[in-house]
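Colleague: Just the structure for this:
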Amino acid sequence: MELSVIILSYNVRPYVWQCIDSVLAATEGSAAEVILVDNASNDGTIELIREDFPQVILMSNQENIGFAKAYNQAVKKAQGKYLCILNPDTVVGEEVFKSLLNEVKDKTNLGAVGTQFIDGRGSFLPECKRVLPTPLGSLKKLLGFGGQNGVYYQDALGQNNNGPVDILAGAFLLLKKADYMSVGGFDEHYFMFGEDIDFCYKLLKKGKQNYYLGQCKIIHYKGESTQKNRQYLERFYGAMVHFYKTHFSERKIKVFAVSILAQLLIWWRDFWPKHSVHSDWSPEAVIYISAAKEPLPALEFWLRQKAHVIHNKEFEIQSPEKFLKNPPKNAFVVFDRASMPYKEIIGLMTVGTEFGQRFRVWHPKKYLLIGSDSSDAHGQALTLARSRVLVD
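Modeller: The predicted structure is shown next:
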């Protein structure tokens, strides 16, 4: 077995369904296995995946044991020489594993390999390549100076380039299983934040070099299984403090300052919670991208009459070629997955982001319409009624 793709889920049924659908397309015909470890979801995830994707190896926990423990648990069962650690709110293109495996085979002392992330709007996510976060760097970020070059993100390496980096995001990590085991896997003290930073740093300390492949892109919707409440903040900042106490214990004053500032920020959020900003965006056009001529009636009904963002705007069916030749501005764009590969969808989203577009992916075999307009909030996953008929 060459590759084991391991996905963790927790109450994100439509997103993990789409993720697995993309992974199976990307591993078709290869020596690969897909493992889903579920942390006690109560939304029917296991039943859906068992029915639709019987080839997926399922592991079901009786409680939410967190990110690190669940992945370590699944890795023990994995048969692949290489592992891909993957979040459930991701979508991969058909070429991604082949490209990355070719890359790792040509390099020595390689640690983990990552790739470029875009969000549901097609925008680049800089956290997919980061510098090692020192206590001083984190203090700057907590104080609002994280956007400075080299403070938190690996800005010296272009987003579309390939090259070595310190830290990769845990939403997508590809590496040899032997290297994963050599550092003891993920530190199980981390529940769901910080384990990727700790893991990548342990690989660096082992003499390995982590690597970013910016020429491959995946979608990472972000945050579909988390709520940014006090528990989220305590876990997030607690992970940061634990990392510094583990690896930077000699910098006691700076670590102490990070601890105090993190606690102050948690208290501040209790008194002044951050509210989502409501968007009044309304598209100038509604575009259905498909090689087929017409959408199913249920989708067309929703696009014309039920989508509150549309307001009876212009509706048009386009081929991928026409869309790419003349991308419309401020359009609500729906991709027909039945006639398009994921790689093409990801590519068109990357192009469309500079034109203010918003995107959904339509899965006609599930009547599922899915996407996200913000990397800081939950996305939209709708199952449309199959019996709906368009009324003139």
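
Colleague: Touching, Asp358 and Ser372? I think so.
Modeller: For residue 358 the amino acid is Arg, not Asp. No: Arg358 lies out of contact with Ser372 (CB atoms under 8 Å); the separation is 9.1 Å. (Each C-beta comes from the backbone N, C-alpha and C, glycine too.)

Colleague: Name the residues contacting each of the two.
Modeller: Common neighbours of Arg358 and Ser372, using CB atoms under 8 Å, 6 or more residues apart in numbering, are Arg121.

Colleague: excluding its backbone neighbours, what's nearest the residue most central in space within the chain?
Modeller: When the chain is reduced to its mean C-alpha position, the closest residue under CA atoms, centre = their mean turns out to be His220, at 2.6 Å. Nearest residue to His220 in three dimensions, chain neighbours excluded: Phe117, at 4.3 Å (CB to CB, 6 or more residues apart in numbering).

Colleague: Could you do Glu63 as well?
Modeller: Ala40 (5.1 Å).

Colleague: Please report how far the one you found lies from Asn87.
Modeller: Taking CB to CB, to the nearest Å as the measure, Ala40 falls 17 Å from Asn87.

Colleague: ok, back up a step: ok, the residue nearest to the centre of the chain touching Leu86?
Modeller: No: if you go by CB under 8 Å, His220 and Leu86 don't touch, sitting 9.9 Å apart.

Colleague: So for the two, which residues contact both of them?
Modeller: Shared contacts of His220 and Leu86, defined by CB under 8 Å, 6+ apart, comprise Ala171, Phe172.

Colleague: Phi first, then psi, for Ile218.
Modeller: phi -130, psi 160 (degrees, to the nearest 10).

Colleague: Please work out how many residues are found near the nearest residue to it once chain neighbours are set aside.
Modeller: Closest residue to Ile218 apart from its sequence neighbours, by CB to CB, 6+ apart: Val92 at 4.9 Å. When neighbours are counted by other CB atoms under 10 Å, Val92 registers 25.

Colleague: got a list of what Val92 touches?
Modeller: Val92 sits in contact with Cys19, Ser22, Val23, Ala26, Leu86, Phe172, Ile218, Tyr342, where contact means CB under 8 Å, 6+ apart.

Colleague: quick one: secondary structure of the fourth one?
Modeller: What DSSP: H, G, I helix; E, B strand; the rest coil gives for Ala26 is helix.

Colleague: Same question for the second one.
Modeller: Assigned with three-state DSSP, Ser22 falls in the helix class.

Colleague: what residues are up against Ile118?
Modeller: Ile118 neighbours (CB under 8 Å, 6+ apart): Phe124, Leu125, Lys217, Ile218, Ile219, His220, Ile346, Met349, Thr350, Thr353.

Colleague: In a markdown table: these, plus distance to Met181, secondary structure and pLDDT.
Modeller: Putting these into a markdown table (distance: CB to CB, whole Å; DSSP: H, G, I helix; E, B strand; the rest coil; pLDDT from 0 to 100) gives the following:
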| residue | distance to Met181 | secondary structure | pLDDT |
| --- | --- | --- | --- |
| Phe124 | 32 | strand | 96 |
| Leu125 | 29 | coil | 95 |
| Lys217 | 29 | strand | 97 |
| Ile218 | 25 | strand | 98 |
| Ile219 | 29 | strand | 97 |
| His220 | 26 | strand | 97 |
| Ile346 | 32 | helix | 97 |
| Met349 | 36 | helix | 96 |
| Thr350 | 35 | helix | 93 |
| Thr353 | 39 | helix | 85 |
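
Colleague: Those, buried ones only, as a ChimeraX selection?
Modeller: The following ChimeraX line selects those of those that are buried, judged by 16 or more other CB atoms under 10 Å:
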select :125,217,218,219,220,346,349,350,353
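
Colleague: Of the contacts of Ile118, which is the nearest to Trp362?
Modeller: Nearest to Trp362 among the contacts of Ile118: Met349, at 13.8 Å, using CB to CB.

Colleague: re the thing from before, compare neighbour counts for Ala40 and Asn87 and give me the winner.
Modeller: Ranked by neighbour count (other CB under 10 Å), Ala40 and Asn87 place Asn87 first, with 25 against 14.

Colleague: Strands of the stretch 251-392 of the chain, start to end?
Modeller: 285-289, 314-318, 331-336, 358-363, 368-371, 380-383 (DSSP state E, counting those that start in this stretch).

Colleague: Least reliable of those by average pLDDT, please.
Modeller: Mean pLDDT is lowest for strand 314-318 among the strands of the stretch 251-392 of the chain, at a mean of 84.

Colleague: what's in contact with that one?
Modeller: Glu284, Ala285, Val286, Ile287, Tyr288, Ile289, Ser290, Lys293, Glu294, Pro295, Leu303, Arg304.

Colleague: residues of it that come out buried?
Modeller: Those would be Ile317, Gln318, for strand 314-318 by 16+ other CB under 10 Å.

Colleague: wait, isn't Ala40 in contact with Gly66?
Modeller: No: in this structure, Ala40 is not within contact of Gly66 by CB under 8 Å, at 11.1 Å.

Colleague: Tell me the pLDDT of the residue nearest to Glu63.
Modeller: 94.

Colleague: Okay, it and Asn330: tell me how far apart.
Modeller: 41 Å.

Colleague: avg pLDDT for stretch 292-302?
Modeller: 85.

Colleague: just how off-centre is it within its chain?
Modeller: 28 Å (CA atoms, centre = their mean, to the nearest Å).

Colleague: so how far does it reach from one end to the other?
Modeller: With CA to CA, to the nearest Å as the measure, stretch 292-302 spans 18 Å from end to end.

Colleague: Next, please give the residue ranges for the helices of the stretch 101-250 of the chain.
Modeller: Under the criterion DSSP state H, counting those that start in this stretch, the stretch 101-250 of the chain carries helices at the ranges 135-142, 177-182, 195-205, 230-247.

Colleague: wait, Lys77 sits on Ile57?
Modeller: Yes: using CB under 8 Å, Lys77 makes contact with Ile57 at a distance of 7.2 Å.

Colleague: any common contacting residues for these two?
Modeller: Common neighbours of Lys77 and Ile57 (CB under 8 Å, 6+ apart) are Ile35.

Colleague: Understood, closing this out.
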